[in-house]
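*Asks:* Predicted coordinates and the sequence they were generated for:
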Amino acid sequence: MTLRTRFNDSLKDAMRARDTRAVSTIRMINAALKDRDIAARTRGVTDGIDEGEILSMLQGLVKQRNESAALYDQGGRPELAQQEREEIAVIERFLPRQMSEEEAGGAIDAIVSELGASSIKDMGRVMAELKARHAGQMDFAKAGGLVKQRLSGK
């Protein structure tokens, strides 16, 4: 089942359950997806963005909400921070299980050895391969730091 189908099915289920947070969040996901599809048309992609790009979009939405929740906490607005966290919970339903730090390290080691990467100059190739194989399964900001450590020999 594609992510697009899951979004639509989940929206219908949330509407039936009268889950207003899920309904508004899934509608927001669909709106963001539609924006990305329209932007992709300029690249000649007429049938919408692929699953990997959708997963990347979802991770971006989670990251935005985490940042917003932290700012709301700092600003003394716990009710808005809670709303952001509830949206994160809805978005995460569509993401694959995140790799643990040990699993991410193992995946990085495997790709580094497979590509024969030996210096920091190879970081771009390693990150590209990680994104191709493990889209949606790891935080690539953290993975970038781990790859940098591996390649710099620290």
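*Replies:* Nice, thanks for sending it over.

*Asks:* Going by C-alpha atoms from here, please, whenever you check contacts or count neighbours.
*Replies:* Fine.

*Asks:* ok, and the closest non-adjacent residue to Gln98?
*Replies:* In space, and not counting its chain neighbours, Gln98 is closest to Gln137: 4.5 Å by Cα to Cα, 6 or more residues apart in numbering.

*Asks:* helix, strand or coil for that neighbour?
*Replies:* What DSSP: H, G, I helix; E, B strand; the rest coil gives for Gln137 is coil.

*Asks:* Around it, how many other residues sit close by?
*Replies:* By other Cα atoms under 10 Å, 19 other residues sit near Gln137.

*Asks:* what's near enough to touch it?
*Replies:* Applying Cα atoms under 8 Å, 6 or more residues apart in numbering to Gln137 gives the contacts 95-99.

*Asks:* State the distance from it to Asp19.
*Replies:* Here the criterion is Cα to Cα, to the nearest Å. By it, Gln137 lies 27 Å from Asp19.

*Asks:* now do Ile49
*Replies:* From Ile49 over to Asp19 the distance is 28 Å, taken as Cα to Cα.

*Asks:* Phi, psi for the residue nearest to Gln98 please.
*Replies:* phi -100, psi -10 (degrees, to the nearest 10).

*Asks:* Poorly predicted segments of the protein, please.
*Replies:* 154 (pLDDT under 70).

*Asks:* Domains in it, by residue range?
*Replies:* With domains defined by automatic domain parsing, the chain comprises 3-92, 101-152.

*Asks:* first vs last residue of the longest one, how far apart are they?
*Replies:* Meaning domain 3-92. 12 Å.

*Asks:* Helix or strand: which one has the most centrally placed residue in the chain?
*Replies:* Residue closest to the mean C-alpha point of the chain, counted by Cα atoms, centre = their mean, is Gln59 at 1.9 Å. In this assignment (DSSP states H and E), Gln59 forms part of helix 51-74.

*Asks:* With neighbour numbers in mind, choose between Ile49 and Asp19.
*Replies:* Shown here are Ile49 and Asp19; by other Cα under 10 Å, Ile49 has more neighbours (17 against 12).
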